[in-house]
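Asks: Sequence below, structure please.
(2 chains)
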Amino acid sequence: MTQFNVLLKKEWRENFRNYKVFWIPIVFILFGIIEPVTNYFMPQILDSVGNLPDGAVIEIPPPEPEEILVAVMGQYQLIGILVLVLAYMGSVAGERKNGTATLLYVRPLSYRSYFLSKWILASAVGMLSVWSGLLAAYYYTFLLFERVDFTKFLKFGATYSLWILLIVSLVLLMSAVLPNAGLAAAGSLLLIFVFQLIDGLLGTYWTVSPLKIPGYAAQWLLDGPKPEDFWWTAGIGILLIFAMILAGIRSSKANASKTKV
Amino acid sequence: MNILEVDKLTKRYGSEVAVSNLSFSLEEGTSTALIGPNGAGKTTTLSILAGLLKQTSGTADWKNHSGIGFLPQHPQLFPWLTALEFLEMAARLSGIAAREARSRSIETLQFVGLGSALNKKTGTFSGGMKQRLGLAQAIVHRPKLLLLDEPVSALDPTGRREIMNLLKSLQHDTTILYSTHILNDAEEMTDQVLFLRRGQLVEQGSLEEVKARYAEPNIRIRFQDVRSAAHFVEQHNWNARVEGTSVLLPLGEAGPRMEEVLSVLSKDATAVSGIERQQATLEEIFLKVAGAE
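Replies: Sure, this is the predicted structure:
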């Protein structure tokens, strides 16, 4: 526990002093605000840049507030995930590659504490970012459109948080397995892309899959997913997170000898 | 009493042998220099002993693993931590309790001359300061065995002298094994030398033993002036060489016997100001060992 506390403090200092605890949530908040604002001002935007003939009238039906929150999630699926992957790709691989890990590995280090401290900080920053971004989106959607049922919003946010935890776990696992930060990022993005592609092509044949988590999160804003499918999916997602943490601990230890001396 | 016993230590990377059948021991409270050309296996050996690398075969038995301190050649520090935060973290990860870790860290930083930089971020440190902090993290938990990989090679002469003085002051309480290219420093602080070449231990022993093994039976005869020295060389066909006012003369198979030389010199002793036996320097031994194939 002592080692875990010491390493957690180290991770906190790193995330705080590298401003990750600030700039990552700010990116999520910005994307959370941009979606409702651009939707609200869409007629004016089209009017000013649309180059439409005089007298042309375009009637855009106002989007449902739930649709705006789903669109925010869509932004996070692309930009948000990219930001998290780039921010944490070097967590383990970077320390090995630049040699800073040498002065840790040379001590009687608990690799469980080492990996878990990184996972907890990265997850905390991920959660802070997603929730502050979604709350900002919720508030602006309420201001500019209508109020979304808060219980539905909480279920939506909680389900999407599970997806973010999966992404964070995958990035850290790749960082522990692969030799450098660039490969860790490429590996993580490739896996996310390939699995989402497979799910997009063949996903109709299975309803229980961690890849369905963002879809189920969106469904909470409407009628809600089928409970059995959702709970099985969430359960498998949680198990997968545990499995990736365990694999990350093992890989950190197994690859410790690759640290630059 | 031996603190470390290394027996037939071997490290292979595929078909390449980095360290081969290395055997040696370190006596408690001594300092040992690991000497060899680049690629000789020094860093690999130290990395195995520090627990960073697993050997392919052989054993390295030491009394207490947590009692090891390791300084890499270029210590990489976390640039966003202050010197004190970094050292406290190192101490605590070595098992020292929080309060003691703080006091020991301050004490150690003062010992290595960083007392005024406690709260400076390590990212702003010069090379010499990084090396000092690297040394501080290696000794903060008061290890019994200190492993240092080229501790002074990246430093300027002043920094080198300061670190060497620090290491010398640690000698009494700690067993030190260090690799080096700076052979003058090795001569200054060595009880035992280990010469590595292509991963193999090719020479081992106390500094005196090794020097004696490589001692060439040369004598240096000092004359009053250059003319006398040149005259001496011209008169005798002994393969001698004039070096200023001195003559360097090989004895034995390559030259005359000592008695013969003394007999000649006694005939005109007024021109001679001194005679001394030449001893091989560590650098000369290094060049011989490194060059031998």
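
Asks: show me the contacts for A:Lys212.
Replies: Applying CB atoms under 8 Å, 6 or more residues apart in numbering or on different chains, we find A:Lys212 in contact with A:199, A:203, A:229, A:233. Bear in mind the C-beta positions are built from the backbone N, C-alpha and C, glycine included.

Asks: Any stretches of the chain with poor pLDDT?
Replies: In the absence of a named chain, this looks at chain A. In the predicted model, chain A carries pLDDT under 70 at residues A:50.

Asks: Chain B is the one I meant
Replies: Judged by pLDDT under 70, the stretches of chain B that qualify are B:63-66, B:216, B:254, B:292-293.

Asks: Let's see if you can find the most crowded of the contacts of A:Lys212.
Replies: A:Thr233 (24 neighbours; other CB atoms under 10 Å in any protein chain shown).

Asks: That residue: which element?
Replies: Using DSSP states H and E, A:Thr233 falls within helix A:227-254.

Asks: Wondering if that helix reaches chain B at all.
Replies: No. Shown here: helix A:227-254 not in contact with chain B (CB under 8 Å from any CB of the partner chain), separated by at least 10.3 Å.

Asks: which secondary structure elements does that helix contact?
Replies: In terms of contacts (3 or more CB pairs under 8 Å, 6 or more residues apart in numbering or on different chains; DSSP states H and E), helix A:227-254 is packed against helix A:111-144, helix A:150-177, helix A:213-220.

Asks: Output those as a markdown table; include the columns mean neighbour count and distance to B:Ala280.
Replies: Listed next are these as a markdown table, based on neighbours: other CB atoms under 10 Å in any protein chain shown; distance: least, CB to CB, whole Å:
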| stretch | mean neighbour count | distance to B:Ala280 |
| --- | --- | --- |
| helix A:111-144 | 21 | 48 |
| helix A:150-177 | 22 | 51 |
| helix A:213-220 | 22 | 73 |
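
Asks: Looking at these, spot the one closest to chain B.
Replies: helix A:111-144 (9.4 Å; CB to the nearest CB).

Asks: who's in contact with the closest residue to A:Met244 other than its chain neighbours?
Replies: Closest residue to A:Met244 apart from its sequence neighbours, by CB to CB, 6 or more residues apart in numbering or on different chains: A:Ser169 at 4.0 Å. Applying CB under 8 Å, 6+ apart to A:Ser169 gives the contacts A:119, A:240-241, A:244-245, A:248.

Asks: out of those, which is most surrounded?
Replies: Counting by other CB under 10 Å, top hit in the contacts of A:Ser169: A:Gly248 with 28 neighbours.

Asks: can you redo the helices and strands packed on helix A:227-254 as JSON lines with distance to B:Leu183?
Replies: Shown next, in JSON lines, are the helices and strands packed on helix A:227-254 (distance: least, CB to CB, whole Å):
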{"stretch": "helix A:111-144", "distance to B:Leu183": "39"}
{"stretch": "helix A:150-177", "distance to B:Leu183": "41"}
{"stretch": "helix A:213-220", "distance to B:Leu183": "63"}
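
Asks: which residue packs closest to A:Tyr111, ignoring adjacent ones?
Replies: Counting by CB to CB, 6+ apart, the residue nearest A:Tyr111 is A:Lys253, at 4.2 Å.

Asks: Indicate the residue of the stretch 151-293 of chain B located nearest to chain A.
Replies: Chain A sits closest to B:Ser179 of the stretch 151-293 of chain B, with a gap of 11.4 Å, by CB to the nearest CB.

Asks: My understanding was that that residue contacts B:Leu148; is that so?
Replies: Yes. With contact defined as CB atoms under 8 Å, B:Ser179 counts as touching B:Leu148 (7.3 Å).

Asks: Could you name every residue contacting both of those two?
Replies: Jointly contacting B:Ser179 and B:Leu148 under the rule CB under 8 Å, 6+ apart are B:Leu46.

Asks: what residues does stretch A:58-72 touch?
Replies: A:31-32, A:35-36, A:39, A:42-43, A:46, A:50, A:52, A:133-134, A:137-138, A:141-142, A:145-148, A:152-153, A:156, A:218, A:221-222.
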